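> okay, predicted coordinates and the sequence, questions at the end:
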Amino acid sequence: MANKILFIDLTRKNYSKVILDKKLTFEYLGGLGLGSYYLYEYITPSVNPFSPQALFTLFTSILEGKLTCSGRRCGVFFKSPLTGVIGETYFNGLTSINLKNLGYIGVVIQGYADKPLWLLINENGVNFNNAEELWGLDASTTFIEINREIKSKNLGVLSIGPAGENLVRYASIIVDGKYMAPRCGGGAVMGSKNLKAIVVDAAIIEEEEHDNAGNASKKVIERIRSAQAEGDQFAFTGDLALIDAANEKGVFPTRYWRYDVTEEYLKFNASRIASTVLEEREGCGSCPVKCRFICRDPHGRSGEKYHLTYEAVNAFAGLCGLTGVEDIAIMNGLCYRLGVDPASLGNMIGFAIELSSRRKFKKDESIIYGGLEGILRLSEQICYRGEFGFYFSDGLRIAARKLNYKGPLIEIKGLEPIGLDPRGLQLYSLLLGVSESGGSHGSVSLFSEELDYVKVKNHRVNDVSKIIELNNKICLINSLLLCDILSRYIDISLISELISDSLNVQYSKATLKILSERITSLNRSFLLREGLRKRDDLLPETFYEQPLQTGASKGRVIDFDMYIKNLEEYYYRMGFDKEGSPVKNFYMNEKDGAYYF
């Protein structure tokens, strides 16, 4: 098992390798757990996310390379320039397995390079390479140029585009040229450090066959195949199944959250995508869900193709009003080339269209719902901070101040929710409110739980016990870096089996529950240290005051009094005080390895 942390100082251009304490490895698991630990322990309170002292971290998990039923997944953790609190974003690709094969479970980067550079991490250590000729290139070209120079078939490449270089606060990180780590502004943090790319190169190490130790993995595969036999669309198309499901339930945010269904969704759903812009479908190992739809970019160079996600479809089809599959694919390609989060960009464009239509600033007739040309132009202006883009490059809160806008904003802790409207859901609202990173949560796993939850007879609206159980599962999935699609078919008991099968280490369901709540408490402590309080766990006023106008959830709002009651009950059950501050003390008994309160 990988057990080293690679510390890189960009200012001094040096690095060191540290063996991670075994106790930390098994208490925090990797991913979100270790990312949260290092952010809390090594970031000075109130540090500017763009300062040299701010950390940029990558973590794999204790299960990397051990499962045949889940992808090679990695997490990036930092202080978000968009929210000022924990930034987290996850991605598939070669980076995680390459780090594991080099013996690393994580990389911690600090400092600031006086000139643009890119890092090469390999068996010889870390090379600090001049990136001045790459600076200004889009992320796709950067990936191509680095591959030409290194000439390896096994590179894991994280790169930024113009949005990251220009410190757009929701700039994304482009992975291996066709995937994305989108949320919270990780690309801007890289840009603030003059870091154009991180490249991880390692020899391919053949993994042992898992047949003898993979009973739990086989159980996951069996559950997926059973779901396919029952016609479960998530088991066939992954997150793109949400396009149909969210519209049918009336929770597909449309025209900047004013409506929650579009009658035209059949024009851009998974079936239509598959018959138009789809180039290939990818899956992980033995998993039967080929969930990654790799689609061509109609405006890109010949052969350019990128992963198209539900979040991107909702951002541009729902929030911005585009209905043509090719138009959506064009916007998706722009996000990859310029390196910007589709969910945040879609929200900002929708917000700009609303302001323009209400004449809150100089009206631009071309910035309208469904108007591809105007949407493209404003998107480019945002990524380069030009003309009107200047107003929208720093997120909703700063845009509102620049424009002297006093109305409600659709954001939580500064980050916009992803593609599902909580007014029409029962579990989602509180999970969004208490999320450590604001409006970022796994949409597929949450929606799946909603669908299953309402099927249970006598279910209680906003059952806090269920919400805590789901929050614990999401925390474990993000710490162990299990696939978000996979989360639909697993529970904490099966997660315990996966760990036992893979590592021959016993984690009981009770122990995993305590570990997840411990990580949640650590994240809560980080938020409180940065000045956030109970008021920051509230949702946008729109969700309490404006009923949904269309679809199956028409007329629904979030009951504010019930929300506050559930929030306070959540605090109590999690061992927090009335302001949400953790008071529960977790510790581990060294003698028997059991966890107690």
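That came through fine.
> which residues of the stretch 251-400 of the chain fall in strands?
Taking DSSP state E, counting those that start in this stretch, the strands of the stretch 251-400 of the chain run over residues 278-282, 292-296, 305-307.
> I'd like to know which elements the shortest one is packed against.
What it means is strand 305-307. strand 179-181, strand 292-296, helix 325-338 (3 or more C-beta pairs under 8 Å, 6 or more residues apart in numbering; DSSP states H and E). Where you see a C-beta, it was placed from the backbone N, CA and C, and this is true even at glycine.
> so which of the ones you listed comes closest to Asn166?
Nearest of the helices and strands packed on strand 305-307 to Asn166, taken as C-beta to C-beta: helix 325-338 at 9.4 Å.
> for the closest one, give the mean pLDDT please.
For helix 325-338, mean pLDDT is 97.
> next one: stretch 571-580
Mean predicted lDDT for stretch 571-580 stands at 93.
> show me what counts as buried in that stretch.
Going by neighbour count (16 or more other C-beta atoms under 10 Å), the buried part of stretch 571-580 is 571, 574-576, 580.
> sorry, back to before: save the helices and strands packed on strand 305-307 as TSV, and put in mean neighbour count too.
Shown next, in TSV, are the helices and strands packed on strand 305-307 (neighbours: other C-beta atoms under 10 Å):
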stretch	mean neighbour count
strand 179-181	25
strand 292-296	22
helix 325-338	25
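> where does the record place the domain boundaries for this protein?
Per automatic domain parsing, the domain ranges recorded for the chain read 4-201, 229-402, 422-596.
> nearest to Ser217 among these would be which one?
Of all the domains of the chain, domain 4-201 sits nearest to Ser217, with 4.4 Å by C-beta to C-beta.
> distance from the chain centre to that closest one, please.
Offset of domain 4-201 from its chain centre (C-alpha atoms, centre = their mean, to the nearest Å): 14 Å.
> how long is that domain end to end?
16 Å (C-alpha to C-alpha, to the nearest Å).
> got any ranges where the chain has weak pLDDT?
1, 71, 205-213, 359-365, 441-462, 584-597 (pLDDT under 70).
> which helix runs longest in it?
With secondary structure taken from DSSP state H, the chain has its longest helix at helix 509-529.
> next secondary structure after it?
helix 541-545 (DSSP states H and E).
> and that next one, how far out from the chain middle?
For helix 541-545, the distance to the chain centre is 25 Å (C-alpha atoms, centre = their mean).
> other SSEs contacting the longest helix of the chain?
Helices and strands touching helix 509-529, by 3+ C-beta pairs under 8 Å, 6+ apart, are helix 22-28, helix 31-42, strand 86-92, helix 464-480, helix 492-503, helix 560-574, strand 595-596.
> need the winner for burial among those.
Sort the helices and strands packed on helix 509-529 by mean neighbour count, taking mean count of other C-beta atoms under 10 Å, and strand 86-92 sits at the top with a mean of 25.
> what pairs with that strand, parallel or antiparallel?
Here strand 86-92 is paired, per DSSP bridges, with strand 73-79 (antiparallel).
> quick one on the thing from earlier: farthest pair within the buried residues of stretch 571-580?
Gly575 and Gly580 (10.7 Å).
> OK, contacts around the residue nearest to the spatial centre of the chain?
Centroid-nearest residue in the chain, with C-alpha atoms, centre = their mean: Thr89, separated by 3.7 Å. Applying C-beta atoms under 8 Å, 6 or more residues apart in numbering, we find Thr89 in contact with 75-76, 172-173, 181-184, 186, 440.
> what about the residue nearest to Asn215 when sequence neighbours are not counted, distance to Ala235?
Spatial nearest neighbour of Asn215, chain neighbours left out: Asp501 (5.9 Å); criterion: C-beta to C-beta, 6 or more residues apart in numbering. For Asp501, the distance to Ala235 under the criterion C-beta to C-beta, to the nearest Å works out to 22 Å.
> then Arg397?
Arg397 is 39 Å from Ala235, by C-beta to C-beta.
> more neighbours, these two?
Legend: neighbour count by other C-beta atoms under 10 Å for Arg397 and Ala235, higher for Ala235 (22 against 17).
> and the angle for the strand or helix carrying Val107 with helix 31-42?
Using DSSP H and E, Val107 sits in strand 104-110. Angle, strand 104-110 to helix 31-42, by axes from the mean of the first three to the mean of the last three C-alpha atoms, to 10 degrees: 40 degrees.
> beyond strand 104-110, next helix or strand please.
strand 117-122.
> from the contact counts, what lies against that next one?
strand 104-110, strand 125-130, strand 195-201.
> ok, Leu94 - contacts?
72, 154-156, 176, 200 are the contacts of Leu94 under C-beta under 8 Å, 6+ apart.
> break down the stretch 301-450 of the chain into its helices, ranges please.
For the stretch 301-450 of the chain, applying DSSP state H, counting those that start in this stretch gives helices covering 310-313, 325-338, 342-357, 372-384, 389-392, 396-402, 428-434, 443-453.
> among the contacts of Leu94, who's most crowded?
Val200 (28 neighbours).
> surely that residue and Ile121 touch.
Yes - in this structure, Val200 is within contact of Ile121 by C-beta atoms under 8 Å, at 4.8 Å.
> so what sits against both of those two?
With C-beta under 8 Å, 6+ apart, Val200 and Ile121 have common neighbours 99, 102.
> quick one: closest of the strands of the stretch 251-400 of the chain to Glu387.
That would be strand 305-307 among the strands of the stretch 251-400 of the chain, by C-beta to C-beta, at 26.4 Å.
> list the strands paired with that closest one, with their directions.
Strands adjacent to strand 305-307 in the sheet, as given by DSSP bridges, are strand 292-296 (antiparallel).
> what does the partner strand contact?
Applying C-beta under 8 Å, 6+ apart, the contact partners of strand 292-296 are 92, 178-179, 237-238, 240, 270, 273-274, 277-283, 304-308, 329, 332.
> what about stretch 426-439, start to end distance?
Start-to-end span of stretch 426-439 (C-alpha to C-alpha) is 16 Å.
> list the residues that contact the spatially closest residue to Lys413 that is not a sequence neighbour.
Leaving aside its sequence neighbours, Lys413 sits nearest to Gly438 (C-beta to C-beta, 6+ apart; 3.4 Å). By C-beta under 8 Å, 6+ apart, the contact set of Gly438 is 83, 85, 411-415, 432.
> same thing but at 10 Å, please
80, 82-87, 183-184, 411-417, 432, 527, 532, 536 (C-beta atoms under 10 Å, 6 or more residues apart in numbering).
> circling back: what's the closest of the helices and strands packed on strand 305-307 to Val108?
strand 179-181 (16.6 Å).
> pairing partners for that closest one, with directions?
When DSSP bridges is applied, strand 179-181 pairs with strand 173-175 (antiparallel).
> how many neighbours does Ala229 have?
9.
> distance of Leu515 from Asn478?
In terms of C-beta to C-beta, Leu515 sits 12 Å off from Asn478.
> for Leu415, same thing?
Between Leu415 and Asn478 the distance is 16 Å, computed by C-beta to C-beta.
> hmm, who's touching stretch 271-281?
Contacts for stretch 271-281 (C-beta under 10 Å, 6+ apart): 178, 233, 237-238, 240, 243-244, 265-268, 270, 289-298, 303-306, 308, 313, 324-326, 328-330, 332-333.
> can you get me the start-to-end distance on that stretch?
Termini of stretch 271-281 sit 13 Å apart (C-alpha to C-alpha).
> quick one: buried residues of it?
272-273, 276-278.
> likewise for stretch 378-393?
378-385, 388-389, 391-393.
> what's the end-to-end length of that stretch?
10 Å.
> among the helices and strands packed on strand 117-122, which is nearest Ile468?
strand 104-110 (27.7 Å).
> give me the angle between the closest one and strand 195-201.
Using the same axes, to 10 degrees: strand 104-110 against strand 195-201 is 160 degrees.
> what angle sits between strand 104-110 and strand 125-130?
40 degrees.
> what's strand 104-110 packed up against?
strand 4-9, strand 14-19, helix 31-42, strand 56-59, strand 73-79, helix 95-101, strand 117-122, strand 195-201 (3 or more C-beta pairs under 10 Å, 6 or more residues apart in numbering; DSSP states H and E).
> so can I have JSON lines of the ones you listed showing distance to Tyr489?
Output for these, formatted as JSON lines (distance: least, C-beta to C-beta, whole Å):
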{"stretch": "strand 4-9", "distance to Tyr489": "32"}
{"stretch": "strand 14-19", "distance to Tyr489": "35"}
{"stretch": "helix 31-42", "distance to Tyr489": "19"}
{"stretch": "strand 56-59", "distance to Tyr489": "24"}
{"stretch": "strand 73-79", "distance to Tyr489": "16"}
{"stretch": "helix 95-101", "distance to Tyr489": "21"}
{"stretch": "strand 117-122", "distance to Tyr489": "34"}
{"stretch": "strand 195-201", "distance to Tyr489": "30"}
